[in-house]
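Undergrad: My questions concern the predicted model and sequence given below.
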Amino acid sequence: MEKPADLKQMFFDGEDGYDVVVVGSGYGGSVAACRLSMAGVKVCLVEKGRKWEAKDFPTDSFKIISAVRMENQNLGVSFGPKDALFQVYEQNDSLAAVACGLGGGSLVNAGVMLPTPVRTRRHSKWPKEWEQDWNSCEASAANMMRIQSVPVEFPIAKIMKEIDVGDVEDMVQDSVKLSMNFDLQESPSRLQKHQNLDTCIACGNCLAGCPYNAKNSTDKNYLASAIQACYF
């Protein structure tokens, strides 16, 4: 993984050993690294992919194709750059598509966040203790991801409105929020807490990485907070 100078210093500062090794920097890995680091645990984060800047993301069909790596274990063949943004693996009857980069899957989705339905939270398979902390944990995640209501209509809005989303249809229409920045001007407190974000222009390129630096992917929040804790 390519690392900026400050990250290199964090990883290779001459000290030996780590308390915890976290593999992957998507939502799961970044949250784990952040919480452990903030608790004073020395964390080593391992990520196969590189650091992606807004200018690096593909913006047309040809560039998207060149940002894909395919590996077919059945045939023993593979093609595409090893650090490609999109990695597709096929083995036996299984097919997996994953993102490869610092931030994992948060780089190539729209960061949609929906409130958890009450009946889901109270399912018997969840630990009962979780219900007590659910609201505070959900609020904490929403704050870290800086979710916002969508003030503009994306080009694909008409298609999305025709999709039958079943039981969550009403909830989606009223409560869908994205970890995108729609603010024309950011408050000083937000700028200090996380990296600077530009404003979403509703281009719909979310699933190939945001080329306008408007998406609040995990490399800009949870991982940034882990680094600031000085145990990462």
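TA: Nice, thanks for sending it over. Residues are numbered from 1 along each chain as shown.
Undergrad: show me where this structure has helices.
TA: Counting by DSSP state H, the chain has helices at residues 5-11, 27-38, 61-65, 118-121, 128-145, 157-162, 169-175, 188-193, 222-228.
Undergrad: mind listing what the residue nearest the centre of the chain touches?
TA: For the chain, the residue nearest the mean C-alpha position is Ser106 (1.9 Å; CA atoms, centre = their mean). Applying CB atoms under 8 Å, 6 or more residues apart in numbering, we find Ser106 in contact with 26-27, 30, 99, 179, 215, 217-219. Yep, even glycine has a C-beta here, placed from its N, CA and C like the rest.
Undergrad: Need the max-distance pair from the residues you listed.
TA: Ala99 and Ser179 (15.0 Å; CB to CB).
Undergrad: Pick out whichever of the two has more residues nearby.
TA: Neighbours per residue (other CB atoms under 10 Å) separate Ala99 from Ser179, with Ser179 holding more: 25 against 22.
Undergrad: ok, for the more buried one, nearest residue in space, not its chain neighbours?
TA: Gly111 (3.2 Å; CB to CB, 6 or more residues apart in numbering).
Undergrad: Now do the contacts for that neighbour.
TA: 145, 147, 178-180, 206, 215-217.
Undergrad: mind running it again at 10 Å?
TA: 27, 105, 145-148, 177-180, 206, 210, 215-218 (CB atoms under 10 Å, 6 or more residues apart in numbering).
Undergrad: same check, this time on Arg35
TA: By CB under 10 Å, 6+ apart, the neighbours of Arg35 are 41, 43, 222, 225-226, 229.
Undergrad: Tell me the spacing between the residue lying farthest from the centre of the chain and Asn92.
TA: Residue farthest from the centre of the chain, counting by CA atoms, centre = their mean, is Leu75 at 31.6 Å. Computed as CB to CB, to the nearest Å, the Leu75 to Asn92 distance reads 12 Å.
Undergrad: How about Ala208?
TA: Ala208 sits 28 Å away from Asn92, going by CB to CB.
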